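J.: Could you look at this predicted model? Sequence included:
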Amino acid sequence: MKKLLFLCCALLLLAACTQKEDNTKGKETKGDNKMNEQLVGKWEGNIVIPNGALPIMPIIVELQKDSGTLSVPAQGLSNYPFKSIKYNGDQVSVSINLNGSAIEINGTLKDGQIEATFQQNGGKLPLVLKSFKEQSEQPVTYETLKIPVKDGELTVALQKASKEPSPVALIIAGSGPTDKDGNSAIAGKNNSLKMIAEGLAKDGIATVRYDKRGVGDNQSLLTKEENMTIDQYVDDAVQVINTLLADKAYSSVHIIGHSEGSLIGLLAAKKADVESFVSIAGAGRPADEILLEQLKAQFSPALLKETTDVLASLKKGELVKNVSSPELQSLFRSSVQPYMISWLKYNPASELANLKSRVLILQGTTDLQVVTTDAEALKKGKQDAKLVYMDGMNHVFKKCSSRSCEKFCDVLRPIITTP
């Protein structure tokens with residue numbers, strides 16, 4: 001089931017972005033039948049896929065006696081007001097109107113936690129809420145730059161190596177709401193990309209990384225989910241690369257793409273003059289092929305057939321108006337279909353074959369989301385690429401800390417510093 005992380009995060013978690021004032025009106029708040037005061041407070045939890053307890057989206061719910069708020073930190077959604085809240089003893093029911101999307105959370109307090117369901121647009125998923133714990137902020141070790149892109153400016157983090165001219169690598173994060181540090185609903189707070197940036201800085205290599213539009217610092221650049229395509233992500237990356245190429249502070253420009261960021265970085269590398277491209281845990285096959293492979297063991301034959309039919313239509317560039325199975329309504333909701341159409345048209349291995357830059361492919365041996373089959377497909381697409389297996393590394397560089405992180409950077413350094 002863990003294999004679903006790679007694709008589901010991109011499809012389920014692209015947006016739910018802006019906070020609109022029209023939801024602040026009409027907050028119905030009625031208390032019923034001896035409300036349990038222990039329900040009042042701040043709660044956090046992950047929406048999970050049935051049958052697998054797979055974390056998909058961390059949310060924070062603040063329950064008050066007469067009102068409350070919803071926050072989704074990974075997507076920049078903060079303190080969004082409830083439409084209504086009702087209590088009945090140990091039970092609580094919450095209604096939220098999120099930009100036209102009806103959300104309901106119904107839960108019961110048991111053994112210090114709230115066992116609930118999260119319902120949105122016909123789909124219902126289990127949700128367990130536990131008492132919220134504040135997390136201390138990590139110290140900022142970078143400077144912030146603004147780069148002009150479509151619809152505004154992209155906020156990026158520059159990790160400077162030194163004042164002398166140096167190589168610079170653009171680090172592109174993985175799918176969905178993964179932020180510039182590598183943290184997401186799926187991986188939690190692992191700081192994988194942050195550690196890579198800091199490790200390379202010690203080796204005299206500058207890096208630039210950023211939250212993709214619709215996420216974190218750049219949440220405001222995406223106001224409607226249906227406007228997002230993978231090609232827009234690529235255009236943003238190209239704008240960053242061109243800015244770096246024009247800066248005399250950098251002797252050469254490189255791209256490091258992780259997971260879905262591998263495909264984005266690959267497509268950007270084909271449009272810009274970069275010295276090298278590094279794929280970390282990047283898919284080597286079309287997304288529909290991988291998705292069907294992963295869902296085969298999880299779905300019934302009927303559900304798998306509908307999934308196959310929907311993907312076939314999307315791959316042809318055709319929107320699917322009716323998705324009959326409730327289990328698929330979130331995965332193939334109408335607002336995410338334009339993104340999927342833009343994504344499904346690419347075969348990473350075929351795209352890599354035409355790339356002129358030097359290529360390094362890194363693959364962890366314990367990665368459950370992207371497997372060695374994909375690394376081998378990329379290698380087959382470009383025979384002169386260097387393929388390195390990182391023993392014991394999972395999808396988010398789990399072993400990448402202290403000495404292990406240094407070893408990881410040892411592998412990256414040669415392709416970036418070699419003339």
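T.: On my side now, so go ahead. Residues are numbered from 1 along each chain as shown.
J.: Which strand residues bridge the closest residue to residue 243 other than its chain neighbours?
T.: Counting by Cβ to Cβ, 6 or more residues apart in numbering, residue 147 is the residue found nearest to residue 243 once chain neighbours are left out, at 5.2 Å. Every residue, glycine included, has its C-beta placed from N, CA and C. On the basis of DSSP bridges, residue 147 is bridged to residue 154.
J.: Just the pLDDT for residue 147.
T.: Looking at residue 147, its pLDDT stands at 97.
J.: Hmm, residue 394 is touching residue 371, no?
T.: No - counting by Cβ atoms under 8 Å, residue 394 stays clear of residue 371, with 11.6 Å between them.
J.: Distance of the spatially most central residue of the chain relative to residue 198?
T.: When Cα atoms, centre = their mean is applied to the chain, the residue found nearest the centroid is residue 176 (2.5 Å). Distance of residue 176 to residue 198, computed by Cβ to Cβ, to the nearest Å: 24 Å.
J.: just residue 169 next, same as before
T.: 13 Å.
J.: what about those two, which has more around it?
T.: Neighbours per residue, other Cβ atoms under 10 Å: of residue 169 and residue 198, the larger number sits with residue 169, 28 against 16.
J.: host element of that one?
T.: Assigning secondary structure by DSSP states H and E places residue 169 in strand 166-172.
J.: Show which residues not belonging to that strand make contact with it.
T.: 180, 193, 196-197, 200, 204-209, 237, 240-241, 244, 249-258, 261-262, 264-265, 268, 275, 278, 412, 416-417 (Cβ atoms under 8 Å, 6 or more residues apart in numbering).
J.: okay, residue 319: pLDDT?
T.: The model's pLDDT for residue 319 equals 95.
J.: Can you report how many residues lie near it?
T.: By other Cβ under 10 Å, neighbour count at residue 319 equals 12.
J.: Distance of the nearest residue to it once chain neighbours are set aside relative to residue 331?
T.: Spatial nearest neighbour of residue 319, chain neighbours left out: residue 337 (5.3 Å); criterion: Cβ to Cβ, 6+ apart. Distance, residue 337 to residue 331, by Cβ to Cβ: 10 Å.
J.: How about residue 340: what's its closest non-neighbour residue?
T.: residue 314 (5.1 Å).
J.: contacting residues for that neighbour?
T.: Applying Cβ under 8 Å, 6+ apart to residue 314 gives the contacts 288, 320, 332, 337, 340, 341, 344.
J.: just those residues now: which is nearest residue 67?
T.: residue 332 (33.7 Å; Cβ to Cβ).
J.: Let me know the pLDDT of that closest one.
T.: At residue 332, pLDDT is 89.
J.: what's around it, how many residues?
T.: Neighbours of residue 332 (other Cβ under 10 Å): 20.
J.: now swap in residue 165 and tell me
T.: By other Cβ under 10 Å, neighbour count at residue 165 equals 14.
J.: and it, what is it in contact with?
T.: Counting by Cβ under 8 Å, 6+ apart, residue 165 has contacts 248, 249, 250, 251.
J.: Could you list which of those residues belong to strands?
T.: 250, 251 (DSSP state E).
J.: Kindly give a single PyMOL line that selects the buried subset of the contacts of residue 165.
T.: Command for PyMOL that selects the buried part of the contacts of residue 165, burial taken from 16 or more other Cβ atoms under 10 Å:
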select buried, resi 250
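J.: Nearest to residue 115 among the contacts of residue 165?
T.: Distances from residue 115 to these, taken by Cβ to Cβ, are shortest for residue 250, at 52.5 Å.
J.: so what's that closest one bridging to?
T.: residue 166.
J.: Surely it touches residue 241?
T.: No - in this structure, residue 250 is not within contact of residue 241 by Cβ under 8 Å, at 10.6 Å.
J.: shared neighbours of those two, anything?
T.: With Cβ under 8 Å, 6+ apart as the test, residue 250 and residue 241 reach no residue in common.
J.: roughly how far is the strand holding residue 169 from the heart of the chain?
T.: 20 Å (Cα atoms, centre = their mean, to the nearest Å).
J.: With stretch 276-292 instead?
T.: Worked out by Cα atoms, centre = their mean, stretch 276-292 lies 15 Å from the chain centre.
J.: what about the helices in this structure?
T.: Using DSSP state H, the helices of the chain run over 5-12, 192-202, 230-245, 260-269, 287-295, 301-315, 326-329, 337-344, 348-353, 372-381, 403-417.
J.: Pop the domain breakdown of the chain in here.
T.: 23-131, 143-286+346-417, 287-329 (automatic domain parsing).
J.: hey, which of those domains is tucked in deepest?
T.: Most buried of the domains of the chain, by mean neighbour count (mean count of other Cβ atoms under 10 Å): domain 143-286+346-417, with a mean of 20.
J.: in the stretch 51-200 of the chain, which spans are strands?
T.: 54-63, 68-72, 77-81, 84-88, 91-98, 101-110, 113-120, 123-131, 143-149, 152-159, 166-172 (DSSP state E, counting those that start in this stretch).
J.: Just send these back as JSON lines, with distance to residue 365 too.
T.: Formatted as JSON lines, the strands of the stretch 51-200 of the chain follow (distance: least, Cβ to Cβ, whole Å):
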{"stretch": "strand 54-63", "distance to residue 365": "22"}
{"stretch": "strand 68-72", "distance to residue 365": "33"}
{"stretch": "strand 77-81", "distance to residue 365": "36"}
{"stretch": "strand 84-88", "distance to residue 365": "48"}
{"stretch": "strand 91-98", "distance to residue 365": "40"}
{"stretch": "strand 101-110", "distance to residue 365": "39"}
{"stretch": "strand 113-120", "distance to residue 365": "35"}
{"stretch": "strand 123-131", "distance to residue 365": "32"}
{"stretch": "strand 143-149", "distance to residue 365": "36"}
{"stretch": "strand 152-159", "distance to residue 365": "28"}
{"stretch": "strand 166-172", "distance to residue 365": "22"}
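J.: Many thanks, have a good one.
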